[in-house]
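>>> Fold the following for me, if possible:
(3 chains)
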Amino acid sequence: MPESSSHPVINTLELVGRSTVKLIEEAGYYVALLIESLYWIIAGPFIKRPVRIHSIFAQMMTMGIAACPIVFVLSFSIGVMLAIQMIYNLKTFGAESQVVVGVALSITREFGPLITGILIAGRTGSSLAAKIGTMQVNQEIDALRVMGINPVRYLVSPALLAMMIMVPVLTFFSDLAGLLGGAVYTGIEIGLSFDAYIERTLSALVVADVMQGLFKSLIFALIITLVGVSNGFSVTGGAEGVGKATTRSVVLSISYIVIADMIFTYFLNL
Amino acid sequence: MTGNSKSAAIEVNDLVTHYGSREILHGINLTVHAGEIMIIMGGSGSGKSTLLRYLLGLGIPTSGSIKLLGKDITRISNLEMNQLRQNMGVAFQGGALLSSMTIGENVQLPLREHTRLDEKTMEIMARMKLEVVNLGGFEKLMPAELSGGMTKRAAVARAIIMDPKLMFFDEPSAGLDPVVSAELDELILNLRDAMKMTIVVVTHELESAFKIADRITVLDQGNILMTDTVENIKHSDNERIQSLLNRRPSNDEVQADEYLNRLTGI
Amino acid sequence: MNINILEGEGYTIIGLEGDVDLSCSPDARKSILDVLQAEKNLLIDLGKVSYIDSSGVASLVEGYQTAKKQTLKFGLVGVSDAAMSVLKLARLDKVFPIHNSVEEYEQEDA
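Numbers count the residues shown, from 1 in each chain, chains lettered A, B, ... in the order given. The predicted structure is shown next:
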């Protein structure tokens, strides 16, 4: 742009402005994509264009069940880490035994959903972007369209549904793994028995704590799917483009997850 | 040709399209008769691929109309478009088979999506189409296991599974050796003769174009230079057509001022 | 499409008429398999077929295969030009027993 090269500050401002406009445009695209996928999920069966059940289950397996080991390892570690930090902090007040409450609330309300969300963004969000991006480059998306097969119904709806089921399930699993991690460390460090730990955890937690975490994980599932898929669809420029879209989708979805987490946590705790 | 087959299968009127703010096609008018093989020819950047995208309903034109089998695809509803698509087959340049499915599943895909035929019938149909393209017995393989020529033929099998009335080929002979490419030309002729298809082929390969075409349309920089029979195209005295036919580089007159401006970026 | 079923001496004739396409080939298929189910030799008259698509041809193929399994006779008679060109494309003209007429079939059979 020859005419705008006048001043570095103005250039930077213009760049910021352009990026902002682009992100807002993208947000609009996410919403449109969400509405269309939900439309196919709900209305598809009535107009004889159902979402493929087989594909939903296949995706639930790859994005959900296969992620269990890594979710367990990370969540368990987070549980141990939280217990270490809290015991250290609470020692100052001589209140080590309160560690149970601290771990239980932190895990279910915050760390379970967040760590699962970040993990799935890296694992499934990237693979969605790569898969759809590759299909775009190979004209497979065009092929679907000319065969009269709506790509959103065929590709996005099953993924969205699978994610909306599996991410909360994984989050719940992550909660359990995190609490287990806390229990193991607390048992070793201050000699609290496992039974007593469970009992105190159950009395400290109310259903709303767990539900808050699961609700957030549902939002994360939407973010990861929509960001991954839309980056995939917008791939241009061959294999390099696919790589860029994949990276971009991971970075964007993790950023959106953390920001959404902050916003929702604020409003859910008003 | 008899009176009936002279009716138009494709009618494009004053088609103007943009990519971003750049105008790509500048008012295209084109008629393809039912049962004919029309070749769309032109160098790279001539707009031939763009024209194909719009014929396939993959883009929304700025203005103009595109009638396929009597229906204006720029105006019809999604439902009607969907029905029309069942009468259209497309063989993409790279095949565009879904890589997660076997060849057989790929070929059956349109049937599964659009019909309620018996499983057995669908399997036999898919195998028959694979036989037509000389890929009998390959249905269990994955697309990644096929060579370039085989992938293209498998894509043709998928495109003709619903016995479409309109068939589009994007660069059928690009990247193929001459023998395989000749086989594909033969197949295109067979499809038209046996199944009475109307066929549009986008290509820059002269040899195959001359062999299979009933008529040829030459595109250049977003305009149609000429639409005529093979003979008339060959004997055309249009300079750009001749340079395309004789593979001469086109020597545009240098507009000194404009050129200088382009170089200095003003 | 119309389906006419005629009983002959030791065989059944199914006459298909008009366009045999996706919308009606399941009916044709059912008629063909029903006759074979009843263990009868089958002739299919394609003389009045104005158009047959591959789902129709697929039904014929399935019928022929079924007949072979049950060692029943199966044949196409009076194949119209429209049907023949489709059979030829899939090289099925070399596969099916094709007779010009029912009389010809009876002579060959005798």
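
>>> Could you list the low-confidence segments of chain C?
Low-confidence segments of chain C, defined by pLDDT under 70: C:109-110.

>>> ok, which residues in it are in contact with chain B?
C:21-22, C:25-26, C:29, C:53-55, C:57-59, C:61-62, C:85-86, C:88-92 (Cβ under 8 Å from any Cβ of the partner chain). C-beta: built from backbone N, CA, C; applies to glycine.

>>> Which among those count as buried?
C:22, C:25-26, C:29, C:53-55, C:57-59, C:61-62, C:85-86, C:89-90, C:92 (16 or more other Cβ atoms under 10 Å in any protein chain shown).

>>> so of these, which ones are in helices?
Counting by DSSP state H, the part of these found in helices is C:25-26, C:29, C:54-55, C:57-59, C:61-62, C:85-86, C:89.

>>> Between which two of those is the distance greatest?
Farthest-apart pair in these is C:Pro26 and C:Ser85; separation 23.1 Å (Cβ to Cβ).

>>> list the contacts for B:Thr203?
By Cβ atoms under 8 Å, 6 or more residues apart in numbering or on different chains, the contact list for B:Thr203 reads B:Ile39, B:Ile40, B:Met41, B:Phe169, B:Glu171, B:Pro172, B:Ser173, B:Ala174, B:Ala209.

>>> and A:Ser106, how many neighbours?
By other Cβ atoms under 10 Å in any protein chain shown, the residues close to A:Ser106 number 19.

>>> Quick check, it in contact with A:Leu82.
Yes: contact criterion Cβ atoms under 8 Å: A:Ser106 and A:Leu82 qualify, at 5.5 Å.

>>> What separation is there between the residue minimising distance to the centre of chain C and chain A?
Centroid check for chain C by Cα atoms, centre = their mean gives C:Ile44 as the closest residue, at 3.0 Å. Going from C:Ile44 to chain A by Cβ to the nearest Cβ, to the nearest Å gives 31 Å.

>>> Quick one: list the elements packing against the host helix or strand of that residue.
In this structure, C:Ile44 is located in strand C:41-52 according to DSSP states H and E. Here strand C:41-52 is seen to pack against strand C:11-20, helix C:25-37, helix C:54-69, strand C:74-77, helix C:81-89, helix C:102-109 when contacts are counted using 3 or more Cβ pairs under 8 Å, 6 or more residues apart in numbering or on different chains; DSSP states H and E.

>>> Not counting its neighbours along the chain, what's nearest A:Gly64?
Setting aside the residues directly before and after it, A:Gly64 is nearest to A:Met166 in space (Cβ to Cβ, 6 or more residues apart in numbering or on different chains), at 3.3 Å.

>>> sec struct for that neighbour, please.
helix (DSSP: H, G, I helix; E, B strand; the rest coil).

>>> Repeat that for A:Gly28.
Going by three-state DSSP: A:Gly28 is helix.

>>> per-residue pLDDT, it?
If you check A:Gly28, the pLDDT there is 89.

>>> Can you give me the distance of it to chain B?
According to Cβ to the nearest Cβ, A:Gly28 and chain B sit 18 Å apart.

>>> Would you mind listing what in the stretch 1-150 of chain A touches chain B?
Within the stretch 1-150 of chain A, the residues that sit near chain B (Cβ under 8 Å from any Cβ) are A:2, A:134-135, A:138-140, A:142-149.

>>> Among those, name the buried ones.
Neighbour-count burial (16+ other Cβ under 10 Å) is assigned, among the residues of the stretch 1-150 of chain A next to chain B, to A:134-135, A:138-140, A:142-149.

>>> about what we covered before: just put the contacts of B:Thr203 in JSON lines and tack on distance to B:Ile233.
Converted to JSON lines, the contacts of B:Thr203 look like this (distance: Cβ to Cβ, whole Å):
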{"residue": "B:Ile39", "distance to B:Ile233": "9"}
{"residue": "B:Ile40", "distance to B:Ile233": "12"}
{"residue": "B:Met41", "distance to B:Ile233": "8"}
{"residue": "B:Phe169", "distance to B:Ile233": "19"}
{"residue": "B:Glu171", "distance to B:Ile233": "19"}
{"residue": "B:Pro172", "distance to B:Ile233": "19"}
{"residue": "B:Ser173", "distance to B:Ile233": "18"}
{"residue": "B:Ala174", "distance to B:Ile233": "20"}
{"residue": "B:Ala209", "distance to B:Ile233": "9"}
